[in-house]
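*Asks:* heads up, no residue letters with this:
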């Protein structure tokens, strides 16, 4: 990756003035094939993503370990990071299929969330990052254009999904992307890949629905994570289409498809969405 220069701008919040870094990039070159990138990114995930020992599948990120590797200028970490960043900043994206592009973008989003936090660690929450973590144009995307996490998710990735879905999107995306918080769905410890993307999206969504932070079934009530709220991604869930669920008329349809085995949807139940998203870091304690 070739970094041209960094500019500084000021960000003011609660009477404090922070320096926020804005980056400009040139197009990077990569020697990695898709298969080689998958191996490299899997090595990164194996090194820093920890699968919890419990009945349901869940993970945490070892930010402390990444931050130490950054401080120590660990050769293995620096090598992985350089290869991954160069791949994301190259023109490799342009030759991919729609599924390949979706996998590329999910991997990119999750990688840059992890490293953004690690670069600022120790912090208690991604929301503590000055300037707004999701709006800073911080990473090099295919050909030297600096993009933000919000641009990647809400513009680039959504455009691919809408094109792929012929006007509809794929709300399972919201269970594949992580925001670096305890309230997030699960960060998969496996690299997303074109050939098995459909299975991976279906599996990660099913696994999310096993977790109380995503859905709790209480007396005559489904308690859902804020992802389903109108202020978040309700429209995406109502405009969802995927091979296993090609028509969604209401949120109950989506819930019914992913409720854990043995549970049946009850449409007489209310749906409540508390405003209590847990933004604490999804870190190894």
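*Replies:* Structure received. If you're wondering where the values come from, they're calculated on a predicted model, not measured in any experiment. Numbers count the residues shown, from 1 in each chain.

*Asks:* only C-alpha atoms for contact and neighbour calcs from this point on.
*Replies:* Noted.

*Asks:* run a quick neighbour tally on the nearest residue to residue 141 once chain neighbours are set aside.
*Replies:* Once flanking residues are discounted, residue 141 sits nearest to residue 89: 4.4 Å by C-alpha to C-alpha, 6 or more residues apart in numbering. Residue 89 has 27 neighbours, counted by other C-alpha atoms under 10 Å.

*Asks:* so residue 89 is in contact with residue 140, correct?
*Replies:* Yes. Using C-alpha atoms under 8 Å, residue 89 is in contact with residue 140, at 4.8 Å.

*Asks:* in contact with residue 280: list those residues for me.
*Replies:* 124, 125, 126, 181, 182, 183 (C-alpha atoms under 8 Å, 6 or more residues apart in numbering).

*Asks:* repeat the analysis, applying 6 Å as the threshold.
*Replies:* Residue 280 is in contact with 124, 125, 181, 182, counting by C-alpha atoms under 6 Å, 6 or more residues apart in numbering.

*Asks:* please apply the same query to residue 248.
*Replies:* residue 238 are the contacts of residue 248 under C-alpha under 6 Å, 6+ apart.

*Asks:* swap the cut-off to 8 Å and go again
*Replies:* 237, 238, 239, 240, 241, 254.

*Asks:* now distance to residue 194, pLDDT and neighbour count too, for those residues, in TSV please.
*Replies:* Putting the contacts of residue 248 into TSV (distance: C-alpha to C-alpha, whole Å; pLDDT from 0 to 100; neighbours: other C-alpha atoms under 10 Å) gives the following:
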residue	distance to residue 194	pLDDT	neighbour count
237	23	97	23
238	25	97	21
239	23	96	19
240	20	96	23
241	18	95	23
254	24	97	19
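
*Asks:* might you list the low-confidence residue ranges for this protein?
*Replies:* Across the chain, the ranges flagged by pLDDT under 70 are 1-27, 143-144.

*Asks:* max-length helix in it?
*Replies:* Assignment by DSSP state H gives helix 98-120 as the longest helix of the chain.

*Asks:* quick one: contacts of that helix?
*Replies:* Contacts of helix 98-120 (C-alpha under 8 Å, 6+ apart): 61, 63-64, 66-67, 70, 88, 93, 123, 126, 129, 133, 139, 149, 152-153, 157, 160-161, 164, 176-180, 187, 191-195, 197.

*Asks:* for it, the distance to its chain's centre please.
*Replies:* 6 Å (C-alpha atoms, centre = their mean, to the nearest Å).

*Asks:* which SS class is residue 163?
*Replies:* helix (DSSP: H, G, I helix; E, B strand; the rest coil).

*Asks:* what about it, how many residues nearby?
*Replies:* Number of residues near residue 163 (other C-alpha under 10 Å) recorded here: 12.

*Asks:* next, the contact list for it, please.
*Replies:* Here residue 163 is in contact with no residues (criterion: C-alpha under 8 Å, 6+ apart).

*Asks:* quick one, strands of the stretch 1-150 of the chain?
*Replies:* Secondary structure of the stretch 1-150 of the chain (DSSP state E, counting those that start in this stretch): strands at 3-13, 16-25, 49-51, 59-61, 139-141, 145-147.

*Asks:* so who does the spatially most central residue of the chain touch?
*Replies:* In the chain, the centroid-proximal residue (C-alpha atoms, centre = their mean) is residue 177; its distance is 2.2 Å. Shown in contact with residue 177 (C-alpha under 8 Å, 6+ apart): 106, 109, 110, 185, 187.

*Asks:* then residue 72?
*Replies:* Here residue 72 is in contact with no residues (criterion: C-alpha under 8 Å, 6+ apart).

*Asks:* could you do residue 142 as well?
*Replies:* So residue 142 contacts 27, 28, 88, 89, 90, 91, 92, 93, 94 (C-alpha under 8 Å, 6+ apart).

*Asks:* same deal with residue 65?
*Replies:* By C-alpha under 8 Å, 6+ apart, the contact list for residue 65 reads residue 48.

*Asks:* could you report the separation of it from residue 282?
*Replies:* Using C-alpha to C-alpha, to the nearest Å, we find residue 65 at a distance of 14 Å from residue 282.

*Asks:* and what of residue 194?
*Replies:* In terms of C-alpha to C-alpha, residue 194 sits 27 Å off from residue 282.

*Asks:* neighbour-wise, which of the two wins?
*Replies:* Shown here are residue 194 and residue 282; by other C-alpha under 10 Å, residue 282 has more neighbours (25 against 18).

*Asks:* highest neighbour count among the contacts of residue 177?
*Replies:* Neighbour-wise, the contacts of residue 177 (other C-alpha under 10 Å) top out at residue 185, 26 neighbours.
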